[in-house]
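Colleague: dropping a prediction and its sequence here:
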Amino acid sequence: MAGLNERRIVILGKTGAGKSSLANTIFGEELFEPDDTLNSGTEKCQSETRSLNGRNINLIDTPGFFDTEKSEEALKEEIVRCITECAPGPHAFLIVLKVEKFTKHEQEIINQIQQYFSEEAFKFATVVFTHGDQLPKGKKIKDFVCNNESMRDLVKKCGDRCHVIDNKYWKEKPKHEYRSNQFQVEKLLKSIDKITKANKGGYYTNEVLQAVDEEIQREEENIRLLSGNMTEKEIRKKAKDNVLNKFLKMLRGFARVLLSIFLGVMSPSDLGVRLRPHNNRDQL
């Protein structure tokens, strides 16, 4: 079972928004490969855990789930991987956007986010803006948000929670300054604590996440019987890999639908998918 001070955090956004740089800024280490060119960016989900101020923070960096050009097959595998990594559910979603001129493309991304997120999932979400140095002098991020109705609506759905960082220019700024990554990360972690407290210490979950976690626990029990000298960390990783492969075999296609199920807009029963096996160990 996860400790009371553990926080599982899923980072979502389009390719190039700065998801990986945000993860590096939160940890203060270069653990994730930044999305710093048009052709780069996170190709696979990556999960890392570090201790910050008495909290065990598990960051799950994702590919661009909201990128319309990604193939359904590639998306499916990474959505399933994300579900497996964050089961039984994340304590927070970080929706990453850039501080930049609002265009039709940005509008499409926000429309997609609002399409895929259920009202329940929004209760666990915070918007984080990157490239904070683009903020006009003397302005704060909520001033920027107020200039656009769509962004304002998105932030409102997230409980009026929004933060801003700049991985290039704000790294060395003093902690007490608003335009400092240290200042903003501390505020962000406090926001996540408030989300967890408001949800009575719980995390976002649904039928899919619960079923995957139950299957991971069963796999762990089986692996322990045959594990030899494997550590608990190695057992957990192997169990997740086994469940990932089972889940991928069961769900062929459905990538965009699977994202909707993960974020609570649809239920597995809408697809006629049975998630809790009894005698058949080859399926979830």
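Modeller: Okay, I see it.
Colleague: domains for the chain, by residue range?
Modeller: Annotated domains of the chain cover 6-198, 207-270 [automatic domain parsing].
Colleague: any idea which of those domains is most buried?
Modeller: Across those, the average number of neighbours (mean count of other CB atoms under 10 Å) peaks for domain 6-198, which reaches a mean of 18. Every C-beta, even on glycine, is put in place using the N, C-alpha and C of the backbone.
Colleague: could the domains of the chain be laid out in TSV, adding mean pLDDT?
Modeller: As requested, those are arranged in TSV below (pLDDT from 0 to 100):
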stretch	mean pLDDT
domain 6-198	89
domain 207-270	87
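Colleague: how close does the closest residue to residue 206 other than its chain neighbours get to residue 118?
Modeller: Distance criterion CB to CB, 6 or more residues apart in numbering; nearest residue to residue 206, sequence neighbours excluded, is residue 264 at 5.4 Å. To residue 118, residue 264 is 3 Å away according to CB to CB, to the nearest Å.
Colleague: kindly report the same for residue 14.
Modeller: As judged by CB to CB, residue 14 and residue 118 stand 20 Å apart.
Colleague: now residue 170: closest residue in space that isn't a chain neighbour?
Modeller: Nearest residue to residue 170 in three dimensions, chain neighbours excluded: residue 181, at 4.6 Å (CB to CB, 6+ apart).
Colleague: all helices for the stretch 101-250 of the chain, in order.
Modeller: Under the criterion DSSP state H, counting those that start in this stretch, helices of the stretch 101-250 of the chain are mapped to 104-116, 119-122, 141-145, 149-157, 181-198, 207-226, 232-250.
Colleague: out of these, nearest to residue 74?
Modeller: Closest approach to residue 74 among the helices of the stretch 101-250 of the chain (CB to CB): helix 232-250, 11.9 Å.
Colleague: and the next element down the chain from that closest one?
Modeller: As assigned by DSSP states H and E, the chain's next helix or strand after helix 232-250 is helix 255-262.
Colleague: name the residues that touch that following helix?
Modeller: Residues external to helix 255-262 that are found in contact with it (CB atoms under 8 Å, 6 or more residues apart in numbering): 65, 72-73, 75-76, 79-80, 82-83, 115-116, 206, 208-209, 251, 266-268, 270-271.
Colleague: same check, this time on stretch 109-126
Modeller: Against stretch 109-126 from outside (CB under 8 Å, 6+ apart): 12-14, 65-66, 68, 90-95, 97, 150-151, 153-154, 157-159, 161-163, 188, 191-192, 195, 198-199, 203-204, 259-260, 263-265.
Colleague: let's see that with 7 Å instead.
Modeller: If you take CB atoms under 7 Å, 6 or more residues apart in numbering as the criterion, stretch 109-126 is touched by 14, 66, 90-95, 150-151, 154, 157-158, 161-163, 191, 195, 199, 204, 259-260, 263-265.
Colleague: quick one: the residue lying farthest from the centre of the chain from residue 237, how far?
Modeller: Going by CA atoms, centre = their mean, the residue of the chain most distant from its centre is residue 228, 33.6 Å out. Distance, residue 228 to residue 237, using CB to CB: 15 Å.
Colleague: what do you get for residue 224?
Modeller: Separation of residue 224 from residue 237 (CB to CB): 13 Å.
Colleague: which neighbours do those two share?
Modeller: The overlap between the contact sets of residue 224 and residue 237 (CB under 7 Å, 6+ apart) is empty.
Colleague: look up the pLDDT of residue 277 for me, please.
Modeller: Residue 277 carries a pLDDT value of 43.
Colleague: so which of the contacts of helix 255-262 are in strands?
Modeller: Using DSSP state E, no member of the contacts of helix 255-262 falls in strands.
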